[in-house]
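**Student:** Here is my input; please provide its structure:
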Amino acid sequence: MSRRLRLILLVLGGVMLAVALAAIIAVYLLLQPERFTVMLQTQALDAGLELNLASPASPTLFPRPALELSGITLNAQGANAPILLASRGRLALPWQTLLGGPPVITRLEIDSPRVDLDALQDWLAALPTQPAGTPPNIPRIDTGVSISRGSVVRGDQLLLGNVALEAGSLISGQPFPLSMSAITAANTSLQLRLSATPRIEGNALQLDNIELHLSQGSAMTVALNGSAHWHGAADAAASLAGKLDQADAGQYDISLKLTPADQDNPLLLALKMDGPDNHADLHLPPLALAHWWSQLGDEHNPQLTVPPASGHAEIARLEVGGIHIEGLTLQAGDDVPVSASTSASANKKP
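**Tutor:** The predicted structure is shown next:
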């Protein structure tokens, strides 16, 4: 190789190295990862949460501008148990943000998140009531959310595994689609499809045109339609009605009505169900019901107790979420003694 050729190659190599270094510097200057880290942590603090990363956010420009997050931990302020743990996350950003525009997230991707329902419930219970006249804020996400290989737990108990979630644009006044799939602890597949139109109505977040479809393998499907609104914390209301279809038991008319908590009463869910040999008209506190259901489905030590409810139910045979119930008659309330005759069994499907 001639001396001139070696010199040309050295010059070209130096130019390419300089371009690469300039590109790396430009990425950091344009994306300013610390700006987004501070923004996310500030928004978390405003919601009573603490957000921590195992290492500083890493910027990239290809295939589109984004920040890579590693070792994500989200917990309530002062709490030891994390609400969410995730190995990796990715925030996609619009080009105008790189050119000095406001810090906007167009897409959120999370890999292998772990959500603890106990920690989530504790945070929700501690949320302050929305001040009167203060409209809630809908976080705008232009092109959606993607979650893969997630799990939902309650303490050390796995409730859902292999959770995958895809959500569309979250913009006030536009339809918001969401789909989710998961595997239960009993190795049963779950599928959820939800569509609703969010909007601000006065000082409430209104959800119109709700369409919800839930299926558990081929054994059960639920289809509901209705609306809901939320003022903050436990000040929530909803009205949904539709059908519950049990493959081996028939079809049921079902309605759900959620009434908000006040100074004297907790958040309350009114459930009505009518169908072949099964009838129910119950009032249930959702948070207490979730705790009761988790005990009932504990494969190591199932706790067969009367559910936290008032009203009446006559269940000849019902199977939901891996729980098999037969011959249950329930009468409960403030003015009548609780009576329950049951041959119920909390067994999982084989």
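**Student:** what's the neighbour count on residue 50?
**Tutor:** 16 (other C-beta atoms under 10 Å). Every C-beta, even on glycine, is put in place using the N, C-alpha and C of the backbone.
**Student:** To clarify, my last question referred to residue 312.
**Tutor:** 16.
**Student:** That one bridge partners, please.
**Tutor:** Here residue 312 shows beta-bridge partners residue 281, residue 331, assigned using DSSP bridges.
**Student:** does it really touch residue 273, like I thought?
**Tutor:** No - contact status for residue 312 versus residue 273: not in contact, 11.5 Å apart, counting by C-beta atoms under 8 Å.
**Student:** list residues touching both of those two?
**Tutor:** residue 280 (C-beta atoms under 8 Å, 6 or more residues apart in numbering).
**Student:** now residue 254, which residues is it bridged with?
**Tutor:** If you apply DSSP bridges, the partners that residue 254 bridges to are residue 242, residue 273.
**Student:** what about the helices in the stretch 51-200 of the chain?
**Tutor:** Taking DSSP state H, counting those that start in this stretch, the helices of the stretch 51-200 of the chain run over residues 95-98, 117-126.
**Student:** Return the set of buried residues in the longest one.
**Tutor:** Judged by neighbour count (16 or more other C-beta atoms under 10 Å), helix 117-126 contains these buried residues: 117, 118, 119, 120, 121, 123.
**Student:** Tell me who's in contact with the last one.
**Tutor:** For residue 123, the contacting residues are 48, 49, 76, 79, 83, by C-beta under 8 Å, 6+ apart.
**Student:** separation between it and residue 74?
**Tutor:** 10 Å (C-beta to C-beta, to the nearest Å).
**Student:** what is in contact with these two at once?
**Tutor:** Overlap of the contact sets of residue 123 and residue 74 (by C-beta under 8 Å, 6+ apart) consists of 49, 83.
**Student:** Which one of the buried residues of helix 117-126 is nearest to residue 181?
**Tutor:** residue 117 (18.4 Å; C-beta to C-beta).
**Student:** so what's the closest residue in space to the closest one that isn't next to it in sequence bridging to?
**Tutor:** Nearest residue to residue 117, sequence neighbours excluded (C-beta to C-beta, 6 or more residues apart in numbering): residue 154, at 4.7 Å. In this entry, residue 154 is beta-bridged to residue 157, by DSSP bridges.
**Student:** Please work out how many residues are found near residue 154.
**Tutor:** 21.
**Student:** Distance-wise, check it relative to residue 111.
**Tutor:** Distance, residue 154 to residue 111, using C-beta to C-beta: 22 Å.
**Student:** Backbone dihedrals for residue 168, please?
**Tutor:** phi -90, psi -160 (degrees, to the nearest 10).
**Student:** I meant residue 39, not that one.
**Tutor:** According to degrees, to the nearest 10, residue 39 has phi -60, psi -50.
**Student:** Now do the strands in the stretch 251-350 of the chain.
**Tutor:** 268-275, 278-284, 310-320, 323-332, 339-341 (DSSP state E, counting those that start in this stretch).
**Student:** returning to what we had before: okay, the helices of the stretch 51-200 of the chain in a markdown table with distance to residue 207 next?
**Tutor:** Listed next are the helices of the stretch 51-200 of the chain as a markdown table, based on distance: least, C-beta to C-beta, whole Å:
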| stretch | distance to residue 207 |
| --- | --- |
| helix 95-98 | 29 |
| helix 117-126 | 17 |
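**Student:** Dump the ones you listed into a markdown table; add distance to residue 227 and mean pLDDT as well.
**Tutor:** A markdown table is the format used below for these (distance: least, C-beta to C-beta, whole Å; pLDDT from 0 to 100):
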| stretch | distance to residue 227 | mean pLDDT |
| --- | --- | --- |
| helix 95-98 | 34 | 66 |
| helix 117-126 | 21 | 80 |
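**Student:** Relative to residue 196, how far out is residue 67?
**Tutor:** Residue 67 is 29 Å from residue 196, by C-beta to C-beta.
**Student:** Look up how far residue 66 lies from residue 93.
**Tutor:** 6 Å.
**Student:** how many neighbours does residue 70 have?
**Tutor:** Residue 70: 14 neighbours (other C-beta under 10 Å).
**Student:** What average pLDDT does stretch 161-174 get?
**Tutor:** Confidence over stretch 161-174 (mean pLDDT, whole number) is 88.
**Student:** Of all the residues in it, which ones are buried?
**Tutor:** Result for stretch 161-174 [16+ other C-beta under 10 Å]: buried residues 163, 165, 167, 168, 169, 170.
**Student:** now for the residues you listed, which pair is the farthest apart?
**Tutor:** 163 and 169 (21.2 Å).
**Student:** Just name the shakiest helix or strand of this protein by mean pLDDT.
**Tutor:** Least confident helix or strand, the chain: strand 339-341 with a mean of 37, by mean pLDDT, DSSP states H and E.
**Student:** Could you list the low-pLDDT ranges of the stretch 151-300 of the chain?
**Tutor:** 232-234, 263, 287, 290-291, 293-300 (pLDDT under 70).
**Student:** Right, I'll call it a day here.
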